[in-house]
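In: Mind folding the following:
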Amino acid sequence: MLARLKQHLFRWRSDGTAPFRLGQRRIFILPTRAGVLFALALLVMLIGAINYNLALGHALVFLLAGLGLAGMVHTFRNIYGLQISPGRCEPVFAGEIARFPLQLTNDRTTPRVALTLAVEPALTVTAAVNAETSTKTAVLLTANQRGWLPLPRVRLATEFPLGLFNAWSYLQPEMRCLVYPKPAMTPLPLPVATDLTGQQHGEGGQEDFAGFRDRQPADSPRHVAWKASARNIADRPLLIKQFAGGASSELRLHWQDTDAHLDTEQRLSLLTGWVMAADAAGSAYGLSLPGLEVAVASGPAHRLHCLEALALATP
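Out: This is a model prediction of the structure:
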């Protein structure tokens, strides 16, 4: 019964893209702590005026009470009839703040000020809308996990003009934000060289040996120079062969190249870091996940395609 009542009171009557106008059935209003103290002060003043038969005391009490009631009406009207339109959410990485854009439209001849929107109390946003105009704002929400992040119920509130009353309404537009895995910035794996016919040439694929470097945690064990590492294993970590020149190369980011001892989210974070590093270097790269292959390419569209695949991966 309670769940049905909440659904009836707080549901967003749109398909997630159409604007929504706040009616009186969706607005709630209660006195604030300052409003309660104000009412108590008026009560004490009224008792004193009655006790001492002070006509001016009665006049002052009723004047202040009238001002309080007028403030209540203006608090209610500050959000009544406000039109809200949802926008498009830009993807973010896990751990960042997701922004859910909303457009507030005011068709009245008076401005609406001191509006607050919040899902989390620590991420409250303040907005104002001038007369007969629109303004854009955004609801903020911490993106803790990768995947689709739906927008929970949003509280739109105001205490304008006197701070004696708080009027609020609950909004729940059908909005969601795509959250990419948090990138782990580690060295890229070795590229695979290809000749003009697309054939591969040996480990690493390059023709000219250029030396060794220390192994990084993200390097695959199959790239380790075992013989060179065995000669001075007590003095330094394992070594990785490096090559230069020769055939053209392409970078393939494989799920199998990540450390199998890491959990799924850590392995996806490694791949995300590799995608960002390869894109920053202007390299052509492909992505291989269990059940999904992304062909080798480059550019912003390819980067977004790979990041979306990592965000929605179910290895």
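In: tell me the mean pLDDT for stretch 172-191?
Out: Averaged across stretch 172-191, pLDDT comes to 90.
In: With just CA atoms, put that stretch into CSV.
Out: What follows is stretch 172-191, C-alpha atoms only, in CSV (Å, rounded to 0.1, in the frame of the first residue of the first chain):
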residue,chain,number,x,y,z
GLN,A,172,12.2,10.9,-11.0
PRO,A,173,12.9,11.4,-14.7
GLU,A,174,13.9,8.3,-16.7
MET,A,175,17.6,9.2,-17.1
ARG,A,176,20.7,7.2,-16.9
CYS,A,177,24.4,7.7,-17.3
LEU,A,178,27.0,5.3,-18.7
VAL,A,179,29.9,4.8,-16.3
TYR,A,180,33.2,3.6,-17.7
PRO,A,181,35.6,1.5,-15.5
LYS,A,182,38.2,3.6,-13.6
PRO,A,183,41.3,3.6,-15.7
ALA,A,184,44.5,2.1,-14.2
MET,A,185,47.4,3.8,-15.9
THR,A,186,50.0,1.2,-16.6
PRO,A,187,52.5,0.7,-19.6
LEU,A,188,50.9,-0.6,-22.8
PRO,A,189,51.5,-4.2,-23.8
LEU,A,190,53.8,-4.8,-26.7
PRO,A,191,52.3,-4.2,-30.2
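In: Give the buried residues for it.
Out: Buried residues in stretch 172-191, counting neighbours by 16 or more other C-beta atoms under 10 Å, are found at 172-173, 175, 177-184, 186-191. Any C-beta I mention is one placed from the backbone N, CA and C, and that applies to glycine too.
In: in the helix or strand hosting L43, what's buried?
Out: Assessed by DSSP states H and E, L43 sits inside helix 33-52. For helix 33-52, burial by neighbour count (16+ other C-beta under 10 Å) applies to 35, 38, 42, 45-46, 49.
In: now stretch 251-259
Out: In stretch 251-259, counting by 16+ other C-beta under 10 Å, buried: 251-253, 255, 257-258.
In: In strands, which of those residues appear?
Out: Per DSSP state E, strands hold the following members of the buried residues of stretch 251-259: 251-253.
In: Which single one of those is nearest to G147?
Out: Using C-beta to C-beta, L253 comes nearest to G147 of these, at 19.8 Å.
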